[in-house]
Structures are given as structure tokens and as C-alpha cells.
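**Student:** Need coordinates for the below:
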Amino acid sequence: MLPYGARDFATAFRTVRKNTIHAAEEIPETQYDFTPAPDVRSVRRLLTHMAFSDEFARAVHGQRMTSLDGLNFPELMARLTAEEQKPRSKDELIAVLRERGESFATLLDGLNDDLLAEHVVMPQGAQPASKTRFEMLLGVKEHEMHHRAQLMLMQRMVGLVPHLTRQMQERFAARR
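**Tutor:** Just a heads-up that it's a prediction; the model follows:
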């Protein structure tokens, strides 16, 4: 039995997504096309990327694949790239983040320890040669947190203080 089970995992993912949505809500729509440097995703594309970043996990674990050898990576990446390029308003994008986030959290909530402990064989030559479903699914949350750090830096670049920073500052001020 895992000490950190599916219910904990789902709760943690919901927290991560809630914080992503909070940041998305605070950024003015006029800043959604801001990009910090050439060849870097805009706020809009980064949020879209985050909204659909569970697609790989859904493909692998929804089909209960035991090996990645049969997964069509180029087709999956083309689908994700196409989603990033679809024009969406701020409200539409936040709705997608909410819907897909809750859908993925519900998927996580329905898993059991035996399924999370199963190994999936990685593509030929990859190291490690296999990973547990838990480790692979955890990657979805880690991936979003990585991109949310980028989003928080982008907030700073457009003159905003991220809500998590404000909350920490308020806690420190209250202790003084």
C-alpha cells in the first residue's frame, strides 16, 4: 500500500490547478499575448499547454498501456500543438483549465494502489527502462508546477505580484 494514495494525489492536483487558475484570473486579458522572449510561449499558449498537458497521461493510463512502444508520439504532439494554437478568450481558457483539471483529478481519485504500482515499459533505450504509473502521473502535477513558476515570473514581468507571494508576505507581516 502506498502512503500517498489516489485520493491524496487528486487533492494535491486540485490544489495545483486551483493556484494555476488563480494566476490566470489575475492576469489581465490584455496581457495574455505577452511573451517574455522570442520563441517562448505567450501567457495564453502557456496556460493552454498546461490545460492539455494531461493528454499524454490520459492516453497511456486511460488505455492501461503497459508499454509506450505503441504510443504515437508525433500524432499526440501534433494534437497538443494544435490545441495551443486555437484562439481562446481568457474566460474560455479558464473554463478549459477548470473542466480538464477537475476531470483529471476525478480520474486520479478513481485509481487504486495496485494500479498506481504497475510498471509501464518506456521506449527502447530510455532510462529507467520502466516507471510506475504513480511516477508517470505525478509528472503531470510536476509539469504544471514547473510551468506555473514560469507563469509567476511572467506575472512579475507585467507588473503583478503572484497571489502565492502575496499570501506569504501577509503571513510574514502577521508574525511581526
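**Student:** okay, CA-based contacts and neighbour counts for the rest of this
**Tutor:** Will do.
**Student:** mind listing the helices in the protein by residue range?
**Tutor:** Ranges of helices within the chain are 6-26, 43-52, 55-62, 73-85, 90-109, 113-117, 133-157, 163-175, based on DSSP state H.
**Student:** could you say what helices and strands the fifth one packs with?
**Tutor:** Yep, that's helix 90-109 we're talking about. Applying 3 or more Cα pairs under 8 Å, 6 or more residues apart in numbering; DSSP states H and E, one finds that helix 90-109 contacts helix 6-26, helix 43-52.
**Student:** Go through those and name the closest to Asp114.
**Tutor:** Proximity to Asp114 (Cα to Cα) singles out helix 6-26 among the helices and strands packed on helix 90-109, at 10.5 Å.
**Student:** Does anything pack onto that closest one? Which helices or strands?
**Tutor:** Judged by 3+ Cα pairs under 8 Å, 6+ apart, helix 6-26 is in contact with helix 90-109, helix 133-157.
**Student:** Work out the gap between the first one and the centre of the chain.
**Tutor:** How far helix 90-109 lies from its chain's middle: 10 Å, per Cα atoms, centre = their mean, to the nearest Å.
**Student:** what's the angle from that helix to helix 6-26?
**Tutor:** On the basis of axes from the mean of the first three to the mean of the last three Cα atoms, to 10 degrees, helix 90-109 is oriented at 170 degrees to helix 6-26.
**Student:** any residues touching helix 90-109, and which ones?
**Tutor:** 6-7, 9-11, 13-14, 17, 21, 24-25, 29, 32, 44, 47-48, 50-52, 54 (Cα atoms under 8 Å, 6 or more residues apart in numbering).
**Student:** Which positions within that helix qualify as buried?
**Tutor:** Residues of helix 90-109 classed as buried by neighbour count (16 or more other Cα atoms under 10 Å): 90, 93-94, 96-98, 100-102, 104-106, 108-109.
**Student:** relative orientation of that helix and helix 55-62 in degrees?
**Tutor:** Counting by the same axes, to 10 degrees, helix 90-109 lies at 30 degrees to helix 55-62.
**Student:** Packing partners of the helix or strand bottoming out on mean pLDDT in the chain?
**Tutor:** Sorting the helices and strands of the chain by mean pLDDT, DSSP states H and E puts helix 55-62 at the bottom, at a mean of 90. Helices and strands touching helix 55-62, by 3+ Cα pairs under 8 Å, 6+ apart, are helix 133-157.
**Student:** pLDDT on the helix it packs on, on average?
**Tutor:** Mean pLDDT, helix 133-157: 96.
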